[in-house]
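Participant: got a sequence here, can you build the structure:
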Amino acid sequence: MNHTEIRPLSTAADALQPVSLPISAPVVASVGETAMPPLPVIDPTGESLMPILVADDDKDDVFFIQRLIKKTGVPNPIKTFDDGSEVVNYLGARLACATASKRMPALLFLDLRMRGLGGFGFLEWARQQQMLRSLTVVVLSNSNESADVQRALELGAHRYLVKYPCVKTVTSIVRSVYPFTLA
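Facilitator: Take a look at the predicted model:
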């Protein structure tokens with residue numbers, strides 16, 4: 001089996017070194033072959049990777065955002081929500097569980113205008129949650145109005161992008177949140 005030993009990082013310089021994982025069975029099979037189920041995506045500590053969250057009620061927008069995220073090469077799963085209240089419920093349940101709160105998602109792409117609780121409502125709720133201070137929130141909106149941009153940033157959004165950003169921009173954001181994720 002071809003692989004490089006995975007060892008704990010002892011210095012910051014070690015974190016910049018490339019790491020190879022064991023070669024596993026192919027995830028996609030050729031026509032007529034039976035595919036092996038994919039191995040769960042595991043981070044170097046042995047824990048499953050946390051999902052990248054996407055909150056948008058437009059299915060076409062969700063599809064496009066998922067494609068952009070997948071093009072970054074980061075293997076984290078993507079979890080989608082139709083409105084801000086679903087994100088509140090998901091994160092609220094994680095906050096209520098002592099062990100889950102240690103592994104909170106780190107990135108959310110958030111639409112401002114959704115059915116139910118919109119992006120501004122979610123940002124107001126998230127601002128009150130101490131445990132969500134490390135959640136990077138990137139607003140993806142059709143609005144380029146300066147009032148919307150200013151309000152989103154005042155409520156705690158880290159970035160504000162007008163739909164649709166280029167792959168390079170999304171890659172820069174995702175890689176800044178997950179710099180050492182193995183792709």
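Participant: what's the burial count for the residue nearest to R175 when sequence neighbours are not counted?
Facilitator: With sequence-adjacent residues excluded and distances taken as CB to CB, 6 or more residues apart in numbering, R175 is closest to T72, at 6.6 Å. C-beta here means a position set from N, CA and C on the backbone, and glycine is covered the same way. Neighbour count for T72, taken as other CB atoms under 10 Å: 20.
Participant: what are the ranges of the strands in this structure?
Facilitator: For the chain, the strands defined by DSSP state E cover 52-55, 78-81, 107-110, 136-141, 159-162.
Participant: what about the residue nearest to R175, distance to S172?
Facilitator: 9 Å (CB to CB, to the nearest Å).
Participant: and for P75?
Facilitator: According to CB to CB, P75 and S172 sit 17 Å apart.
Participant: ok, W125 next?
Facilitator: In this structure, W125 lies at 27 Å from S172, with CB to CB as the measure.
Participant: which one of these two has more residues nearby?
Facilitator: When W125 and S172 are compared on other CB under 10 Å, the one with more neighbours turns out to be W125, at 18 against 13.
Participant: per-residue confidence at P40?
Facilitator: You'll see P40 listed with a pLDDT of 39.
Participant: name the surrounding residues that touch stretch 123-143.
Facilitator: With CB atoms under 8 Å, 6 or more residues apart in numbering as the contact definition, stretch 123-143 has outside contacts at 56, 61, 65, 84, 88, 91, 95, 101, 104-113, 117, 119, 148, 152, 155-165, 173, 176-177.
Participant: out of the helices and strands in this structure, which is least certain?
Facilitator: The weakest-scoring helix or strand in the chain, judged by mean pLDDT, DSSP states H and E, is helix 12-15 (a mean of 40).
Participant: mind checking pLDDT for the residue nearest to P77 when sequence neighbours are not counted?
Facilitator: Excluding its sequence neighbours, the residue lying closest to P77 (CB to CB, 6+ apart) is P51, at 4.5 Å. P51 is assigned 88 on the pLDDT scale.
Participant: how many other residues sit next to R175?
Facilitator: 15.
Participant: could you measure from it over to S134?
Facilitator: Using CB to CB, one obtains 17 Å as the distance from R175 to S134.
Participant: how about F109?
Facilitator: When distance is defined by CB to CB, F109 is 16 Å away from S134.
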